[in-house]
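*Asks:* next input, structure requested:
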Amino acid sequence: MPAEPAPLVLTEEAVRLGRTAADRADAVSQCGELLLELGAVDPGYLPAMHEREASVSTFLGEGVAIPHGTDPSRKFVKRTALAVLQFPDGVDWGGSTVYVAIGIAASGEEHLGVLTALAGVLTDPDKAARLRGASSPSDVVALLAPEREGPA
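*Replies:* Sure thing, here's the model as predicted:
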C-alpha cells in the first residue's frame, strides 16, 4: 500500500514576521499561541512547550530555536504544523540570541522533511541569513520547503 503524501506542515498563514518578545518565555508562548490559532493543538500543549524549554533548550544555532512540547504532550496535537516567528531585534535564549523561532506540533513524523530542510538552511550561512532577514512569508516557506523527490 503506498504511503499517503505528507500534509503540508508549513503554510504562509503560519509565518509571522517582524515580531518582538520580552524574553524566551514570551517567544515560546507566541509560538504556542500561533499553533493554537492554526488549530494544530489543544490548549494543553502550550504549558508542555515551556516544560520542554525548561528541561532542554531548543536553540539550534544560527539564530534559530525550535520550541516544541514534550513526548506526553503529543496527545494535545490535532495535526502536524509549524509556526515560524521572526524576531528582528533578537530574543535572549539563555545566552544565545534567537531571531527565528519555529514552533513545532507533531504527533507523528510528518515534520521531519521540514526539519531536514531547516538543517540544510542552518548549515548554509547565506540561507540562514536569508531566513533571519526574510521579508515575506512566502520567502520563509520557500526556504523551509522539504526537497521534493522525483517520481517513484
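*Asks:* how about the contacts made by Asp26?
*Replies:* Asp26 sits next to Val91 when contact means Cβ atoms under 8 Å, 6 or more residues apart in numbering. (Each C-beta comes from the backbone N, C-alpha and C, glycine too.)
*Asks:* now it: phi and psi?
*Replies:* phi -60, psi -40 (degrees, to the nearest 10).
*Asks:* strands paired with the lengthiest strand in the chain, and their directions?
*Replies:* Identified as the longest strand of the chain according to DSSP state E is strand 81-93. If you go by DSSP bridges, strand 81-93 pairs up with strand 15-16 (parallel), strand 96-105 (antiparallel).
*Asks:* tell me which of the ones you listed sits most buried.
*Replies:* strand 96-105 (a mean of 25; mean count of other Cβ atoms under 10 Å).
*Asks:* following it, which helix or strand comes up?
*Replies:* helix 112-122 (DSSP states H and E).
*Asks:* so how far is the helix or strand following that next one from its chain's centroid?
*Replies:* Next helix or strand after helix 112-122 toward the C-terminus (DSSP H and E): helix 125-132. Computed by Cα atoms, centre = their mean, to the nearest Å, the chain-centroid distance of helix 125-132 equals 15 Å.
*Asks:* go on, stretch 130-144?
*Replies:* 13 Å.
*Asks:* just the angle for the one helix or strand Ala142 maps to relative to helix 112-122, thanks.
*Replies:* Here Ala142, judged by DSSP H and E, is contained in helix 137-144. Angle, helix 137-144 to helix 112-122, by axes from the mean of the first three to the mean of the last three Cα atoms, to 10 degrees: 90 degrees.
*Asks:* mind giving me the packing neighbours of helix 137-144?
*Replies:* If contacts are counted by 3 or more Cβ pairs under 8 Å, 6 or more residues apart in numbering; DSSP states H and E, helix 137-144 sits against strand 15-16, strand 81-93, helix 112-122, helix 125-132.
*Asks:* mind running it again at 7 Å?
*Replies:* When contacts are defined as 3 or more Cβ pairs under 7 Å, 6 or more residues apart in numbering; DSSP states H and E, helix 137-144 sits against strand 15-16, helix 112-122, helix 125-132.
*Asks:* what packs against the lowest-mean-pLDDT helix or strand in the chain?
*Replies:* Least confident helix or strand, the chain: helix 112-122 with a mean of 76, by mean pLDDT, DSSP states H and E. If contacts are counted by 3+ Cβ pairs under 7 Å, 6+ apart, helix 112-122 sits against helix 125-132, helix 137-144.
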